[in-house]
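J.: this one's sequence-less:
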Ligand SMILES: [Zn+2]
């Protein structure tokens with residue numbers, strides 16, 4: 001989950017300011033969606049905003065060295081009485097399984113200690 005800094009301004013104004021967020025997916029798309037959503041849900045005391053720039057600052061400090069798991073299967077898989085999701089780390093590519101709502105268990109070939117940390 002990269003941390004990004006976006007530069008925004010009110011439409012029609014020249015003054016810009018910066019805000020930081022943890023975004024998911026593509027930073028540009030995420031920031032554009034954020035502004036679109038803001039503009040679509042304006043309160044009476046708010047003015048529409050315009051995105052000026054997006055800067056990726058890197059991983060949020062709390063996420064450094066952590067795997068970023070993404071579900072690979074579209075529907076939950078069932079094996080006997082267990083249901084699980086196949087997971088893959090977006091940063092380093094190792095795989096694992098998530099049973100129920102618990103944490104992700106790395107697949108046996110990635111159980112070595114060096115995989116505790118994400119080196120993606
Ligand atoms: Zn990883």
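T.: Alright, I've got the coordinates. Please read all numbers here as calculations on a predicted model, not as lab measurements.
J.: can I see the domain layout of the protein?
T.: 2-63, 69-115 (automatic domain parsing).
J.: contacting residues for the spatially most central residue of the chain?
T.: The centroid of the chain falls nearest to residue 24 when counting by CA atoms, centre = their mean (2.6 Å). By CB atoms under 8 Å, 6 or more residues apart in numbering, the contact set of residue 24 is 1, 30. Yep, even glycine has a C-beta here, placed from its N, CA and C like the rest.
J.: 6 Å - rerun?
T.: Residue 24 makes contacts with residue 1, as judged by CB atoms under 6 Å, 6 or more residues apart in numbering.
J.: cool, and residue 84?
T.: 77, 97, 99.
J.: ranking those by neighbours, who comes first?
T.: residue 97 (17 neighbours; other CB atoms under 10 Å).
J.: do you know how far that one is from residue 114?
T.: 19 Å (CB to CB, to the nearest Å).
J.: ok, then the element right after whichever strand or helix holds residue 18?
T.: Assigned by DSSP states H and E, residue 18 falls within strand 16-22. Heading C-terminal from strand 16-22, the first helix or strand you meet, by DSSP H and E, is helix 27-40.
J.: what residues sit buried inside the longest strand along the chain?
T.: In the chain, assigned by DSSP state E, the strand with the most residues is strand 49-59. Counting neighbours by 16 or more other CB atoms under 10 Å, one finds that the buried residues in strand 49-59 are 49, 51, 54, 59.
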